[in-house]
Structures are given as C-alpha cells and as structure tokens.
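In: please find the sequence and the predicted model below.
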Amino acid sequence: MRGKHLHLDCASGAAGDMTLGALLDLGVPLEPVAEALDAIGAGRGRLRVAKVVKYGIAATDLKVDTNGSLAGAERHAHEVPAASPAHATGHHHARGGVPSHAHAHDHDHDRDRDHDHDHHLDHEGVRLHVHAHAHAHGHAHAHAHYHYADLRARILAAPLTPGTKRRALEIFDRIARAEATIHGKTIDDVVFHEVGAIDSVVDIVGTAAALDWLSPASVSCTGVAMGHGTIRCAHGVLPVPAPAALEIMKDAKGVMTDGGVARELCTPTGAAILAATVTVWGPAPAGTPLAIGWGAGDAELADRANVLRAVVVDPITGPSQVVWQVEANLDDLTPELCAFAAEAVMAAGALDVWWTPITMKKGRPALTLSALAEPGRRDQVVAAILRETTTIGVRYVAHERTVVPRTIVEVATRYGSIPVKVAGGNAAPEYEACAAAARRHAVPVKAVYAAAVAAYDAIVAGR
C-alpha cells in the first residue's frame, strides 16, 4: 500500500491523535513512529494505543502520556503569581467533549484538544510569550515552556528521516504562523506550553513519521467538518471554528464544512496536518481500495461515529483517463481579478489553470480562462469560475488523457530535504519546497532547484 493514493474522510472533524490513530489502524507499523518519537526526545513510551468501538465502528484510539518533559529540552521557567478568585476556574471545552484531566494546579488539559487557560493560551496548547497565569492553589508555581524556535531546532537536529523532518516542520510552521497572525506577534514570539508541547510533538512527529513510511503519491480530502457554535474560555466566548484552525485552513485554501454539530470538531493540529498533507481537496479518485483505517476521537457524538477514516487507493491507471476542460472568454476582468480567479479555480480542485490571449467581437483583446478537472470536480470548478469572474456562462468538453505514473523521492541538499517528483524519465524538484528552502536560507530559488537536481542525479548514478 506504500506509494499509492491516500484519501482522508473527516466527517467528524480532525485532530492529531485521530489522524495518527487512523494511519496505524490502516497498517502503518508502529516501529517507525516509535523510532521518530525516540529521536525527538519524546520517547516511544508515551504512546497508548488501544482498540475502541465508536457508534458500531472499531477504531484505533491513541493517547499520549504527558508526564515529564521532552528529554534534553531547553525549557524556560516562568514564575506564576498566586491566583485571584476571578481566575480560579478551569475550562471544559476539549475537542470531542470529554472533560480534560485536571492537573494538581487546576489547569485542565486535554491532549491534542483545544484548551485555553489564562490570557494567552491558544488552542492546542500553543502559547505566545506573554504570561499572566492565575492558579487555584494560591502559590507561585514554575511553569516550563518551549520556544517554537527551540522545538524547530530540535526537529532539525534530530536523526529523523528527511521526509519525517520535512513533514513535521511544515505542520509546526503552519500552527506557529496561524498563532502569530491571530495574536499580532512574530513567529519567534510563539511559545509552546510544556504539556501542550509534549502531546503536540508526539502527534505531529508521529503522524509525519507514519506519512513518511506510507509515502503516498497524492492525498485527497473532500473537506473537513469544523463544527459551529461557541466555546467559553479565559478569553471569554469565542466562535467555532477555533481561530487558529480557521486561519490554517484559510492559508492552505482548504475546504471546510460545518458538520452539523454544535461543538468544535477540528483542532488546529488536525487542520495543520491536513493543510500540510492534502494535495487535492476533492473526492477520492477512481480506483481499488487497498487498506482502510479508523482513528477514534474522545467524544461520543449523538449522530455519528467520532472517527477519522484513512483509505489507501490504487488509482485506475489504464491507457487513458477522462478529464473535463472548462473554459470561459473574458474581456472585462482586471489583471488583479484574473490572478485571484485562477487561484480560486485551483482551490476548487482543478488539475491545471491557464490563460490564453484572444480577440473577441469588435476587435476587443480578451482572455480565455481554461481549467482541467476530474469528473468529480467539474461542477466545483464551474462554480468557482462563475463566482470569481464576470462571465455569464462557461463551456466544457471531455478529453481523454494518458498519465505517466509518478512518485516522490526525497533528496538531501545543503538547503535541507527537497522532494523531487519523478515521472517516467523526468524528474523535477517540487517548487513550493524549493521556495520555502530558499526563503529560509536567503538564496535564489534556482540555487535550491539546482542542488536538488544534482542530488537526484547522484542517486540515479549510484544505482
């Protein structure tokens, strides 16, 4: 089942433990996950894996022991003032609806669930470096925190596989960017609370290791249920979806649904994993299901199983596939709107989008907007074109195409691990990964691209 297509069903939302549980249930071995946790200093002994039944569906339930700290972690202790009566009450809005476990100092934490305590704790236990803790036990207490920069350095230095390292960094980066945006801070200001950091590291690094072992050629998700309503925390009443989860989905141009449940369904960690992993926001491709896994959430929902489903699909790779070419002629759209429209059409699930200069009636210079879409995404692409452009109609025609199977090869460069897409005799570094590496190292993208090509050529020459 390795190297095939992975489809994620998130009708009950998404969280880090649900995703990792589904991947283990799918058949990913526990050992590569355990090795990654050992490498990062979290330790494999923190994992608790069990089988449970949710609404008649057997699923894998994953929990993390949050006692202690990350081995060898550089922590930052902050003295906490004594509590005032106004701040002595804990929160109870964990994702999935079970009361979180209370620590001795009356902070309620639920692993990989959105939890707020005090004035600056975000969802998922990520904290900006502003502290005004109030504790119910009425005496000063030292709390350990992990700076985001320290966690990132730890992942970079850890003996992880290149793919695990790349995936984990991208997931953490998406959470940190969202938190920094929400709180009006820089990414360097983001600090992870000790307990939140431990279970976040386990969920994120564990999921990254599982995905690296599985090495899916592509990943799809029709959409993730976010929930609705409000949650009450130390900030007061906040709307659902959680601000961080919503910011992450916006940044990734992900597809979200309400889910029809008046509670929080998708955590920021769940949103970040999807944002960093999904390559197509749409239905699973036509093909043969090879393996199915179910990951359990904690709550018992009234109308459905609280599970996330992962399916490995062997796509149909016959001599040809059918795709739809959708087009519209436009003579009154500004360049700015053209750029935004193309992005929106891609986000709707188009395989490709392009513009062609044309001449319309009365000699007017104009453009044709064209998009390719799989049959299951044609209507969404049509809707995006009608919504984001000034056209009053579109046309579409079915085409047959032959697609060369493709795989992803991770190569090590001086700029970090870069994925290279290999199809037939062609190999091309992934642009987004090259661009991210170029920004991190302040070098031209072409330098990263050339290094990745050279590294891949070396691998081929050594075979």
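Out: Arrived safely. Remember, predicted model here, so these are calculated numbers, not experimental data. Residues are numbered from 1 along each chain as shown.

In: this protein - how does it break down into domains?
Out: Domains of the chain are assigned by automatic domain parsing as 5-66+150-315, 321-401, 406-462.

In: what is the end-to-end distance of the last one?
Out: With Cα to Cα, to the nearest Å applied, domain 406-462 spans 21 Å between its terminal residues.

In: now do the contacts for residue 322.
Out: The neighbours of residue 322, taking Cβ atoms under 8 Å, 6 or more residues apart in numbering as the test, are 375, 398, 399, 400, 401. C-beta: built from backbone N, CA, C; applies to glycine.

In: check which residues of the strand or helix carrying it are buried.
Out: Per DSSP states H and E: residue 322 is located in strand 321-330. By 16 or more other Cβ atoms under 10 Å, the buried positions in strand 321-330 come out as 321, 323, 324, 326, 328, 329, 330.

In: of those, which is the nearest to residue 381?
Out: residue 326 (5.3 Å; Cβ to Cβ).

In: can you show me the CA trace of stretch 42-49 as CSV?
Out: Provided in CSV are the C-alpha atoms of stretch 42-49 (Å, rounded to 0.1, in the frame of the first residue of the first chain):
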residue,chain,number,x,y,z
ALA,A,42,9.6,12.5,23.4
GLY,A,43,10.0,8.7,23.9
ARG,A,44,8.0,5.8,22.5
GLY,A,45,6.8,5.0,26.0
ARG,A,46,4.4,7.9,25.9
LEU,A,47,2.1,6.2,23.3
ARG,A,48,-1.0,4.4,24.5
VAL,A,49,-2.7,2.5,21.6
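
In: downstream of the strand holding residue 322, the next helix or strand is which one?
Out: Next helix or strand after strand 321-330 toward the C-terminus (DSSP H and E): helix 335-347.

In: touching, residue 5 and residue 219? I think so.
Out: Yes: at 7.4 Å, residue 5 and residue 219 qualify as touching, with contact defined as Cβ atoms under 8 Å.

In: can you get me a residue count around residue 285?
Out: Neighbour count for residue 285, taken as other Cβ atoms under 10 Å: 18.

In: and it, which of the three is it?
Out: Three-state assignment for residue 285 (DSSP: H, G, I helix; E, B strand; the rest coil): coil.

In: what distance do you get for the nearest residue to it once chain neighbours are set aside to residue 289?
Out: Counting by Cβ to Cβ, 6 or more residues apart in numbering, residue 285 lies nearest to residue 315, which is 4.6 Å off, once chain neighbours are set aside. Residue 315 is 11 Å from residue 289, where distance means Cβ to Cβ, to the nearest Å.

In: compare these two (neighbour count), which wins?
Out: Shown here are residue 315 and residue 289; by other Cβ under 10 Å, residue 315 has more neighbours (17 against 13).

In: looking at residue 293 now. What's its pLDDT?
Out: Note on residue 293: pLDDT of 98.

In: ok, it touching residue 20?
Out: No: between residue 293 and residue 20 there is no contact under Cβ under 8 Å: 10.1 Å.

In: those two: which has the busier surroundings?
Out: Neighbour count, other Cβ under 10 Å: between residue 293 and residue 20, residue 20 has more, with 31 against 24.

In: pretty sure residue 356 is in contact with residue 367, am I right?
Out: Yes: counting by Cβ under 8 Å, residue 367 is a contact partner of residue 356 at 6.7 Å.

In: if you count what's nearby, which of those two comes out ahead?
Out: Higher neighbour count among residue 356 and residue 367: residue 367, with 19 against 11, using other Cβ under 10 Å.
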